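**Q** Sequence and computational prediction follow.
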Amino acid sequence: MDKKIFMIIDDDSDDIMFFKEALKEMLPSSVCLEANGGIEALQLLRKSEKLPNFIFLDMNMPRMDGRQCLKELKKDAKLKSIPVIMYSTSFTEESINELHKLGASSYLNKPSDMNKLPAQILEAIRRPIQLS
Amino acid sequence: MAAPKKPKTQPPATVQNFPIVGIGASAGGLDAFKRLLAAIPESSGMAYVLVQHLDPSHESILPEILQRVTKIPVHEITEDIHLAPDHIYIIPSNKILSSTDGVLKLTPRDRKIINLSVDIFFTSIAHVHKEFAVGVVLSGTGSDGTLGLKAIKEYGGISIVQDSESAAYDSMPQSAVNEGVVDFILPPEEIPAQLLQINRAFKTSHFYKDEAELPKDDEAIFKQILLLLRQRSGVDFTYYKQPTFHRRIARRIAIAKRKNLADYLKFLRTDKAEQDALFQDVLIPVTSFFRDPKTFQTLCDTVFPVLFKNKSVDQPIRIWIAGCSTGEEAYSIAICLHEFLGEKLSDTKIQIFASDISEKSIKKARAGIYTKADVGKISATQLNNYFVKNNAGYEVNKLIRDMCVFAPHNFLKDPPFARIDLITCRNVLIYMDTFLQKKAFTNFHYALKENGFLLLGKSETTGASSDLFTQFSKQDKIYSRKHAPGRFMHVATERREESLVTKDRTKTKQETVHTDFRKSAEAIMISKSPASVVVNEQMDIVHIHGIITPFLESPQGKPTHNLIKMAREGLAFELRNAIHKATKEQATVTKENIPVRASGKQSLVTIEIIPLTDTVEPHYLIRFERKIIPVVQEEKKSSSGKINESKQLNEQLERELSQTREDMRSITEDMEAGNEELQSANEELQSSNEEMQSLNEELETSKEELQSSNEELLIVNQELLDKQEQLNASRFYSEAIVTTMREPLVVLDKSLRIKTANASFYKKFDVEEEETEDKLFYEIQNHQFDDTLLRALLEKVLPQKNRIEDFEINLRLPDKGDRVVLINARQVVNEKKAEQLILLAMEDITDRVHSEKILKESENRFKLAIKASGHIVFAQDENLKYIWIYNEHSDFKAEDILGKDDNELLEPETAKRLTTLKKEVLQSGTTIRSEVLMTINSEQSFYEIMVEAIKNETGKVTGITGVAMNITEKVIIRKQIEASENEQKKLASHLKLATDSANIGIWSLDIVSSKLEWSNIHKKMWGYDENREGLTYEDWHKVIVPEDKELTFQRIEESKLNHDIYEADYRITRANDGAIVWIRSTGQYYYDEFGVALTLTGISIDISEQKEAERKIKESEARSRAFVESNVVAVCFTHLESATIFEANAAYLNMLGYTRKDLKEGKINWLNYTPPEHHVNDQLAIEKARSMKISPPYEKEIMRTDGKRISVIKARAIINQDEIMSVFVDITERKSAEQKLKTFAQELEAKVKERTAELQTSNEELKQTNMQLDQFAQVASHDLQEPLRKILTFSLRLQDKHKDGLSQEIKTYLNKIEGASKRMATLIGDLLNYSRLLQHEKLFTQTDLNLTLKNILDDFELLIHEKKAEIKIAQLPTIDAIPLQMSQLFYNLINNALKFSKEDVPPVITITSRTLSEKEIQKNPALGKNVMESGVEPPSYIEILFNDNGIGFEQQYDKKIFIIFQRLHDNETFKGTGIGLALCKKIVENHNGEIFADAKENKGASFHIILPLTQPR
């Protein structure tokens, strides 16, 4: 079986760490790619031959924020089929709907206790966005 | 299309191994033909013959028509023709088609009888082509084809009819269906497909190839089918003629569409209906009345006489119809017998037993009801004599029915009837093979009396049993019973059948089951000893092999084949025993060394009895073997004395033995004889038992019939009772009529004696009932009625069926004097009794005659009177033809006029006038009087004609009557008068025109009579109707208003006295509308020569308007004066020329400071007090006033005498050319006030502007701040949360990962860090929420608060459970709201309620809602403020109440709790940020509502949320 590849796009290295730990906990055999911000992520992805199975994308980032990055991902024929899970501290209903329209496959609210992240990730993967 | 030419010789019969399809329809069936033919494929391998009921007088064009729809050649049959497959043949019109041996034959049609051409053709192809015949009946009326199909089915063919839905006329197909002879019911276009299928089945089936032997497998299958049939019906068809039976099955295979025999067997096993169908098909209940009529003739001519000659009087004639089918045969015989016997019938008892194995047929036979087609061959006389027609059809009448007994019976199986005189069994045996036929004949032989007769079918003979019967009549297959030793045998008893069944089961083991014992016996005999015999069950020898004389010999006397009787001495006993044993054990029995003496030689015989088990009938093979005992040997031994002694003993023993044997033999013989007798008695008993059973069954059927007829009788009786009641009712009715009739009625009998009479008669002629009874009509009343003529007439009534109508007779009655009586008489018809009666009705017409006489006299008088008057009197009918006329015009005579109308009599012009007039009378029914100028013989004269309508009693106009008077002279005089009157009238009319146009009323009062004459205008003036006549002085006077009455009256008197003109103005109250009208009347008296006033004549004018104008002027003047003198405004009157003021009021003088003296002296001049700059304006205003009467008000200034200027508004009105009125209003004070106000307003405006600018600036600033705050909140939400989350996460990690390595102190600190971080996270979250509330857009939607609440409670589920909280919710409304905010609101309130609960009490939260009343809304000024400002109607408000039983709070804090960051408790007791309720308040305010709380410490809290139901859009 192929190893699952995840990519985490975040400008906060701590958060990247949290995600990596959470994913390792869930799938010890998985590989985590990381990108410090959208621009770097896109560069990385366009280069690489092996594409990630999932992308976790932070909403709030300097320069290119999560929404812009998502748009770019979905514009790229090579990348657009990768499921993207958006995360942030707070989503509103409107923002969720907008992300869905942009092609995000799911979203997750960053918990205040990052120890609860694995559970959130699982739920996000399991539950695609439904338009309300 | 010509038929192929054929030699005149009879065409040879050809084998017809293809189906012949006969298709029949009546004249309307062309469409069905077309549809059928169109569906026939080109090569179907069948021949089609179309038979249609054609109009005999027309050449048929059917072939041409039909050739169009099919490619198959269509021929019209012209002469004998061979049928060929794939051809269509059509019967020509006017011909009958029949088929003989494959050749179609045309015979001319007999016009006298109804030709059932389809039946005839079908029957003939059925006979010739048998199972290859197919009959198709299409649309048509009548029942033609039914019998034909029946015949086809009888011979194994197929019958098809068109379905009634597609048939234009369905009675032909339906008739066949009802008869039950139809295999398929199909629409025409589907018929060929079905035919093809059947044809295919024919072709593949080998049963038609006349093969005697069947393949082995098929035979086995047939056995199975036979078995199935026997199980189903109890009838064994094993020995029915195999080819026939096979053909029947083949037919069923075709119909059931099975592939082959095996397939059919499979189907047959599962389908009971098919089993029944097959059974019915095999039996084919076909028969008819008087089948082969010649045979019946022969029966009558030859058989019956013999039968009756031989029989004694009390012996019944017994006839057995074996295989009677549906009973026609039995009834035919019965009819035949009845006809033969005629009158003698009653002397003879006739019993006809009719039996058949089909119960269905027997049922039908018993019912004895047949269709019209069934009875077609019966002559009209017979039909009339022996059948009753009813709804069901033709029913055999009781006479015939009672002669016959029907019973289900199998003459092969069941015991036969006995002592029968005649057996008929026709066309039954043909289905059986020789073996079964033999059984049948044996049975018949048994059943028949000595010299009894047997009648067989045309193709049947007694060939198999010619020893039992001799032919009696060669032509007709009538046989008489031979006196031969035939024996009735139980061939197929139940026991036998069982053994047959077992045999069938083991059939695989046995190679063959021989029907003939010989084959079986020979097989054994050949291999064994040559001396052997075969006997049957009755011990009769049926076969002998080898030399048997040593064992058997022919006995003395009657020759016999009986084994026992033929057995030699000593053998009989052993043989009987051995055979008995063999029969019992069904095994070979051997008996050895039986001493037998034959022709003096002693020998030892061994017998072997071998049962022949492989035969159907039990037979036994008896094998004999002999050992001869050498006598010499015996003699050798008799040498010694001992031997002698023993020899003597031996002889003695032998003698004894032979004695015993002799005894035994005789006993055995006795027993045999007894046995035989018993057997025959038993047989007879069985027969009579059978008979009893049949009779019993019959009786039961009759009983049922009786019951049903009883039922019928009851119904009939009921009906009769009803009828009787009706009859009674009508009798009472007519009696009532007769008795109450005023006219006398008498009923006379044949000899003219009085039978009855009604009350009126007795009264009229003053006689008693007793007196008249049975007296001759003439005798009563002293022969009053003894009128020769009447008598002659009366006597003719009965014999000649005459009537007497209105015969008048004069009577002199004792009390009533001379009477005239009208007599009417007629025969009374009385069906029941042959009695002939005369009804005599009398009418006393004396009064009528009398009145007629009076009428005549009066008419005469009337005529005389008319004559004297000289007027023409006439009457005309509704067509205006003259009916009668008196005093006709001298130029006409009555007889010329009568019956004619005016047009025929008078000149056109005159006639037209008269006719118009009269027609009008006819139509309207009114009376018209008119003068008509008539020109008669060019002489003109005036007639006054009065025409009146004659009406009948219903009021309908039936004619006219009229009088015409010559008034020519009168008219001339009148015309002259009229001319002078016209002159006067002209004058008067001129005057009237004048007065009318001036609206002047004219009146004239007759002083003496006080009669008043008014013109119409006058009347109108007074308010009287124009048509009102007879007005008097009083009418004039009474409407005058009371105040004016005196004056008016006075004036009249004055003018009379003074001889001067009367004139008065006065008011009247108008009569019609009560209006007060001013009238001016003027008049003049006219006096006679003596000076006495005769009339007062004058005119009246309505002067109301004038008076009103006068009054108005007066009033106006008064008003003006009052106005001027009121001094409210200043008023002055100016002389325009001099500009001086000549009149003014005090106000004016005061305003300007003048005195009245100044005014009077003319010192005031407007130019003086008007400042010069205003002069021009004033001049303009004056000019305007001159042209428009007034000048509109305008402002100006004037100068007071003290020099002060004042402002005034001035208006003018022109009084006349020289004078003008001016009005002034002093507005000086108002002017100055206005000025002040203006200044103030300007100042205010400036101030507002300034303030607004300030506000705008601060607003901008606020907005700026707000935005910054929002941004701050955003930052707080995200950027503050980020580090916090990390602090929390890391502290938790420390706690988790280094749980054991941490000191208690560090753990405590970490806990505190965790707590603080969490609190801060909450605070930030709340703040973010709050900030969002501030910046939100108001997106209201209809929100169901129940749903909102439900979602919130789901979130709290865990906590509620934990706290054991109870939450009571009432129904909440749906309102305009922001759903998310409502969620937040509810969340916070429930959260609070749960949070601030008492420690030991489970929280109870009650959420209710209600609608606020209008009063409550008004009381609360905060509500609806925004909305009111927007000008929309205030919405309804609801209050949602959150009630809890928590710790509550002190009422003094009820405001504080809603302020942000205000908390009542320390963080240790209750955690919180102090934002929750502030958020709530903000949300409620966002929704234009209000929130407040009331509570007491420790008593729980209530939060009231008031929200509008709708939000402004």
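**A** On my side now, so go ahead.

**Q** Quick check, the residue in chain A closest to chain B?
**A** At 4.1 Å from chain B, A:Met114 is the closest residue in chain A, using Cβ to the nearest Cβ. Where you see a C-beta, it was placed from the backbone N, CA and C, and this is true even at glycine.

**Q** Look up how far B:Phe1240 lies from that residue.
**A** Using Cβ to Cβ, to the nearest Å, one obtains 71 Å as the distance from A:Met114 to B:Phe1240.

**Q** The two: who's more crowded?
**A** A side-by-side neighbour count of A:Met114 and B:Phe1240, using other Cβ atoms under 10 Å in any protein chain shown, places A:Met114 first with 23 against 10.

**Q** what sits against that one?
**A** By Cβ atoms under 8 Å, 6 or more residues apart in numbering or on different chains, the contact set of A:Met114 is A:Asp15, A:Phe18, A:Ala22, B:Arg1285, B:Lys1286, B:Thr1289.

**Q** check which helix or strand covers the fifth one.
**A** Read that as B:Lys1286. helix B:1281-1297 (DSSP states H and E).

**Q** what does the helix of greatest length in chain A contact?
**A** Criterion DSSP state H: the longest helix present in chain A is helix A:13-26. Applying Cβ under 8 Å, 6+ apart, the set of residues contacting helix A:13-26 from outside is A:6, A:8, A:10, A:30, A:32, A:34, A:36, A:56, A:58, A:110, A:114, A:117-118, A:121-122, B:1286, B:1289.

**Q** 10 Å instead, please
**A** A:4, A:6-10, A:12, A:30-36, A:54, A:56, A:58, A:87, A:110-111, A:114-122, A:125, B:1282-1283, B:1285-1286, B:1289-1290, B:1293 (Cβ atoms under 10 Å, 6 or more residues apart in numbering or on different chains).

**Q** A strand includes B:Ser941, no?
**A** Yes - with DSSP: H, G, I helix; E, B strand; the rest coil as the criterion, B:Ser941 is part of a strand.

**Q** Number of residues surrounding it?
**A** Counted with other Cβ under 10 Å, the burial measure for B:Ser941 works out to 15 neighbours.

**Q** so how far is B:Ser709 from it?
**A** Spatial separation of B:Ser941 from B:Ser709 under the definition Cβ to Cβ is 94 Å.

**Q** repeat for B:Ala168
**A** As judged by Cβ to Cβ, B:Ala168 and B:Ser709 stand 42 Å apart.

**Q** Skip the chain neighbours and tell me the closest residue to the closest residue to chain A within chain B.
**A** When distances are taken as Cβ to the nearest Cβ, chain B reaches nearest to chain A at B:Thr1289, 4.1 Å away. Spatially, and ignoring its direct neighbours in sequence, B:Thr1289 is nearest to A:Met114 (4.1 Å; Cβ to Cβ, 6 or more residues apart in numbering or on different chains).

**Q** Ok, B:Arg1410 next?
**A** Excluding its sequence neighbours, the residue lying closest to B:Arg1410 (Cβ to Cβ, 6+ apart) is B:Glu1439, at 5.5 Å.

**Q** Wasn't that neighbour part of a strand?
**A** Yes - assignment of B:Glu1439 by three-state DSSP places it within a strand.

**Q** I figured it was touching B:Glu1416, is that so?
**A** Yes - B:Glu1439 is in contact with B:Glu1416 according to Cβ atoms under 10 Å; the separation is 8.4 Å.

**Q** and the lowest-mean-pLDDT helix or strand in chain A, which residues are buried?
**A** Lowest mean confidence among the helices and strands of chain A (mean pLDDT, DSSP states H and E): helix A:117-126, at a mean of 83. Within helix A:117-126, the residues scored as buried using 16 or more other Cβ atoms under 10 Å in any protein chain shown are A:Leu117, A:Pro118, A:Gln120, A:Ile121, A:Ala124, A:Ile125.

**Q** ok, so of those residues, who is nearest B:Asp263?
**A** Distances from B:Asp263 to those, taken as Cβ to Cβ, are shortest for A:Ile125 (65.9 Å).

**Q** low pLDDT regions in chain A?
**A** Of all residues in chain A, those with pLDDT under 70 make up the ranges A:1-2, A:129-132.

**Q** before we move on, the earlier item: the least confident helix or strand of chain A packs against which elements?
**A** Helix A:117-126 sits against helix A:13-26, strand A:54-58, strand A:84-88, strand A:106-109, with contacts defined as 3 or more Cβ pairs under 10 Å, 6 or more residues apart in numbering or on different chains; DSSP states H and E.

**Q** how about stretch A:92-106 against chain B, any contact?
**A** Yes - shown here: stretch A:92-106 in contact with chain B (Cβ under 10 Å from any Cβ of the partner chain) through A:Thr92, A:Glu93.

**Q** related to what we said a few turns ago, overlap in contacts, B:Glu1439 and B:Glu1416.
**A** Shared contacts of B:Glu1439 and B:Glu1416, counting by Cβ under 10 Å, 6+ apart, come down to B:Arg1410, B:Ile1506.

**Q** Pairing-wise in the sheet, spell out the partners of the residue sitting nearest the centre point of chain A.
**A** The centre of chain A sits closest to A:Phe56, judged by Cα atoms, centre = their mean, with a distance of 1.2 Å. For A:Phe56, the beta-bridge partners under DSSP bridges are A:Ile8, A:Ile85.

**Q** Would you agree it is in contact with A:Ala124?
**A** Yes - the pair formed by A:Phe56 and A:Ala124 meets the contact definition of Cβ under 10 Å, at 8.6 Å.

**Q** Overlap of the contact sets of these two?
**A** Where contact means Cβ under 10 Å, 6+ apart, the residues bridging A:Phe56 and A:Ala124 through contact with each are A:Ile85, A:Met86, A:Tyr87, A:Ser106, A:Leu108.

**Q** what's the distance between the fourth one and B:Gln1084?
**A** A:Ser106 is 125 Å from B:Gln1084, where distance means Cβ to Cβ.

**Q** The two: who's more crowded?
**A** Set side by side, A:Ser106 and B:Gln1084 show more neighbours around A:Ser106, with 22 against 14, by other Cβ under 10 Å.

**Q** I figured the more buried one was touching A:Ala124, is that so?
**A** Yes - with contacts counted by Cβ under 10 Å, A:Ser106 reaches A:Ala124, the gap being 4.5 Å.

**Q** hmm, which two among the contacts of A:Met114 are most spread apart?
**A** By the measure Cβ to Cβ, the contacts of A:Met114 have their two most distant members at A:Ala22 and B:Lys1286, which lie 14.7 Å apart.

**Q** for the stretch 701-850 of chain B, what spans make up the strands?
**A** Per DSSP state E, counting those that start in this stretch, the stretch 701-850 of chain B has strands spanning B:745-748, B:754-757, B:804-813, B:817-828, B:837-844. These are given in chain order.

**Q** list the buried ones in the fourth one?
**A** Spelled out, it's strand B:817-828. Applying a neighbour-count criterion of 16+ other Cβ under 10 Å, the buried positions in strand B:817-828 are B:Arg819, B:Val820, B:Val821, B:Leu822, B:Ile823, B:Asn824, B:Ala825, B:Arg826, B:Gln827.

**Q** Right, I'll call it a day here.
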